[in-house]
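1. How does the following fold in three dimensions:
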Amino acid sequence: GSITKMFTAPAVLQLVEAGAIHSLDDPIVPYVDPFLQANGVKSLEEHFDSFIQNVTVHHLLHMQSGISDYDGEAYARDQFANKSKDFSPIEILENYVSPHSSYAPGTK
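-> Just a heads-up that it's a prediction; the model follows:
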């Protein structure tokens, strides 16, 4: 949600400062795919298409990745039907994030 943005950006900048993320201009795939693979789910490129290779950490922080919002009708319906359930990032990615880009990364 919107409240997490104020925590996420400083945390990512701390990871850059610590060297865990080399640059905000790094593509996200090398950082996210190991987590997905360790949890036995599709890689980002398997979920999306090749556009994901161009998405950087900077694009995510500035909401310019082209990845569609997940909080549409299906997610809202399932949230209300399961009020006590916490949806994991993997569940959200697999079930609610469209595999199609809304626009090319960094263009909006």
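2. in this structure, what residue sits furthest out from the centroid?
-> Distance to the chain centre peaks in the chain at Ala81, reaching 23.9 Å (criterion: Cα atoms, centre = their mean).
3. Ramachandran coordinates for that residue?
-> Main-chain torsions, Ala81, degrees, to the nearest 10: phi -80, psi -20.
4. Can you give me the distance of it to His22?
-> Taking Cβ to Cβ, to the nearest Å as the measure, Ala81 falls 42 Å from His22. From N, CA and C alone the C-beta is placed, and that goes for glycine too.
5. related to what we said a few turns ago, return the per-residue confidence for the residue farthest from the centre of the chain.
-> If you check Ala81, the pLDDT there is 93.
6. Going forward, the N-terminal residue is numbered 23.
-> Shifting the count to begin at 23 puts that one at Ala103.
7. any idea how far it lies from Ser72?
-> 35 Å.
8. what does Ile50 give?
-> 14 Å.
9. Same drill for these two, tell me which one is more crowded.
-> Between Ile50 and Ser72, counting by other Cβ atoms under 10 Å, Ile50 is the more crowded of the two (21 against 8).
10. nearest spatial neighbour of the more buried one, skipping sequence neighbours?
-> Distances taken as Cβ to Cβ, 6 or more residues apart in numbering put Val77 closest to Ile50, at 5.2 Å, once the chain neighbours are dropped.
11. I'd like to know how many residues surround that neighbour.
-> Neighbours around Val77, by other Cβ under 10 Å: 23.
12. For it, list the residues it contacts.
-> 49-51, 87-89, 127 (Cβ atoms under 8 Å, 6 or more residues apart in numbering).
13. of those residues, buried ones?
-> By neighbour count, with 16 or more other Cβ atoms under 10 Å, those hold 49-51, 87-89, 127 as buried.
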